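>>> Make a model of this:
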Amino acid sequence: MRLIKQPPPPPKDVMGEEGESAEQKEMTERPKWDNKIQYLLTCIGFAVGLGNVWRFPYLCQTYGGGAFLIPYGIALVLEGLPLLHMELAIGQRLRMGSVGVWNSISPFMGGLGVASMTVSFLVGLFYNMILAWILWYFFHSFQNPLPWRDCPINVNHTGYVTECEKSSPVNYFWYRETLNITPDIETSGSLQWWLVLCLASAWCLVYICFIRGIETIGKAIYATATFPYLVLTIFLVRSLTLSGASDGLIYLFTPNWETLKNPKVWLDAATQIFFSLSLAFGGLIAFSSYNAQKNNCERDALIVGCVNSFTSIYASIPIFAILGFKANENYNDCRNWNILKLTNAFNIGDENITLENYDQWLNHLNATDPTEVEGLNLKTCNLQTFLDQSASGTGLAFIVFTEAVIKMPGSQVWAVLFFVMLFSLGLSSMFGNLEGVLTPLLDLHMIPAWMPKEIFTGLICLISFTVALIFTLGSGNYWLEIFNSYVGSIPLLIIAFFEIISVVYLYGINRFNDDIEWMTGRRPNIYWQATWRFISPFMLLVVFVAYIVTEAERQPTYNTWNPDYVNFPLAHVLHYPQWVFGICVLLCVLPVMSIPLVALYRFIGFLKKYIMGRHNQNPYANELISNEYKTIPPKL
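Numbers count the residues shown, from 1 in each chain. Down below sits the predicted model:
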């Protein structure tokens, strides 16, 4: 009689055992926030960033003022809030970083966490370079007069620097004194030592605030998340007293309903709310993982999302009031220049032509002596034209706003406040970017046992600083625009789409609803159900396809600053060289390559184990495999 070896008993569910596993014990010992305020301020600080101050106002101005708020609000309700709630819920439920979360939900989606981590790392590189620029301007804001108020004297002391005279003191200080920019991206230039020092200072400040994880973040966030609102309120009160502020506000909030017919308005609104909430970076998942599991994550999502959108609108009011003031100043300067020309040409006393009666005089002289007036080559002064001279991104912060500040009484004070506010906004967002990198690495046990966490964090900051030196080259600003345009666009859309598909259709929407009911005490309502199941995935897919089609219709170009350009100081628009365009494509593809690669690797492993189980005639082979490759059940 042959002895038959009994097969092993089928494995138990990972989360279903009565005793605590090593993984459960680790989650129990995970650090926690000191209080709910710390957690909410950290999430708000991560979501509310520099884009709320310079990109949202620009989009409002570009797309019909108040009319833009309609697609923006729709995108917030149908896309932003559902994804925000989902990320906060899964992080809180599983108490892991992005890599651990998606690997637990489905091993085939383990690459999602790596993709989020990669995007957070790449975004952190150029985001901290912006903080370095802010520090540079902050250090110069204490000078009297401000260094961007006047053109410098040339080396021969015979006049002003020609490049500055052709453009403006503000442009010259930004492009030449700060960036020392090259005429195109293929001319790399050298490292600018002052920018290297500012970049090192920015990373040191981030490291100091982040040195012990949420222990130090929780203390720093009280200042970095609240101070911008104090400064915005001060600016709001001051800006509303400036002459011409009403023109800026009217320009901002006067709806141009025709713009809603433009599909690009809806595309930009959808992408703005998506990126503004910092979705798919992994930082929000990491922050919520330090919560107690019994917490109302639905309320947290509504608070963070609504505060973020309120901040965008709140910041737009002082920004456009100041831009209205600047436009009126430029408008009056233009007319004063014409008054001087007319006075000298027609021997009119200064007291006879003023800003108030300028239009009457000009009409009179055009009627009596049009030939001589035409020969004076007077400037065309139109307030609407000056209001239309918008700038987004770095242009708004380092050109438009700095030009407005020098015309305000006490300009040094306002410059210091403005750049401290920008630095606080950027620092809070950097916490989320760095958390999106470190937490997955910690959850994957990538830190050597002998290395303290503080040393590992410093090593990550040092590596990031070294890589980011590319942005301190003479061509650094061009590279920063590339990173900003391509890393923070398509990869995030792809990650978010697979996130919601993984939760709803792999993990299971009913199981996810059970988890939320266990955490919050109530089941998600029909609004969350409809958006998670159908509306949000559909919107993400539409935005992704529309983005690809929009980009495919044009060959990518970039604006250069070239004093030798015949139409200088207008930007010289060039097409990206083929090798640079290849890097642009790589920056879109590289962060998300882990998604199909990990899925393929796991699928091959699944097939190998299935074939080996069938070959060994193990009756429990299928059950063993399915337990290894299925999602974890809820911990009820």
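
>>> Longest helix in this protein, please.
Scanning the chain for the longest helix, with DSSP state H as the assignment, gives helix 297-346.

>>> Report the rounded mean pLDDT for that helix.
For helix 297-346, mean pLDDT is 88.

>>> tilt between the helix or strand that that helix is followed by and helix 297-346?
Scanning forward in sequence from helix 297-346 by DSSP states H and E, the next helix or strand is helix 358-368. For helix 358-368 against helix 297-346, the angle by axes from the mean of the first three to the mean of the last three CA atoms, to 10 degrees is 40 degrees.

>>> The stretch 1-150 of the chain: helices as residue ranges?
For the stretch 1-150 of the chain, the helices defined by DSSP state H, counting those that start in this stretch occupy 22-28, 36-47, 50-62, 69-75, 81-94, 98-105, 111-140.

>>> for those, which one sits closest to residue 280?
helix 111-140 (6.1 Å; CB to CB). The C-beta positions use only the backbone N, C-alpha and C, and glycine is treated the same way.

>>> Which neighbouring elements make contact with that closest one?
helix 98-105, helix 193-210, helix 411-443, helix 453-467, helix 476-486, helix 490-501, helix 594-615 (3 or more CB pairs under 8 Å, 6 or more residues apart in numbering; DSSP states H and E).

>>> out of those helices, which comes closest to residue 80?
Closest of those to residue 80 is helix 490-501, at 10.3 Å (criterion: CB to CB).

>>> Give me the below-cutoff pLDDT ranges for the stretch 51-200 of the chain.
Counting by pLDDT under 70, the low-confidence segments of the stretch 51-200 of the chain come to 64.

>>> Is it possible to get TSV of the helices of the stretch 1-150 of the chain that adds distance to residue 476?
Shown next, in TSV, are the helices of the stretch 1-150 of the chain (distance: least, CB to CB, whole Å):
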stretch	distance to residue 476
helix 22-28	41
helix 36-47	25
helix 50-62	17
helix 69-75	32
helix 81-94	32
helix 98-105	29
helix 111-140	7
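
>>> Please work out the average pLDDT along stretch 408-427.
Averaged across stretch 408-427, the pLDDT comes to 91.

>>> what do you get for stretch 201-212?
Stretch 201-212 comes out at a mean pLDDT of 90.

>>> Show me which positions of it end up buried.
Judged by neighbour count (16 or more other CB atoms under 10 Å), stretch 201-212 contains these buried residues: 202, 203, 205, 206, 207, 209, 210, 211.

>>> any idea how far residue 268 is from residue 63?
Distance of residue 63 to residue 268, given as CB to CB, to the nearest Å: 7 Å.

>>> If you could redo that for residue 440, that was the one I meant.
The gap separating residue 440 from residue 268 is 30 Å, by CB to CB.

>>> Which stretch among the helices and strands packed on helix 111-140 is buried most, on average?
helix 98-105 (a mean of 27; mean count of other CB atoms under 10 Å).

>>> Which strands and helices lie in contact with it?
Helices and strands touching helix 98-105, by 3+ CB pairs under 8 Å, 6+ apart, are helix 81-94, helix 111-140, helix 283-288, helix 411-443.

>>> Now do it against helix 111-140, angle only.
Put simply, helix 98-105 runs at 160 degrees to helix 111-140, going by the same axes, to 10 degrees.

>>> just to revisit the earlier point, is it possible to export the helices and strands packed on helix 111-140 to TSV including distance to residue 333?
Putting these into TSV (distance: least, CB to CB, whole Å) gives the following:
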stretch	distance to residue 333
helix 98-105	52
helix 193-210	31
helix 411-443	16
helix 453-467	42
helix 476-486	28
helix 490-501	42
helix 594-615	54
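
>>> so which of those gets nearest residue 570?
The nearest among these, by CB to CB, is helix 476-486 at 17.1 Å.

>>> Report the mean per-residue pLDDT for the closest one.
Mean pLDDT, helix 476-486: 92.
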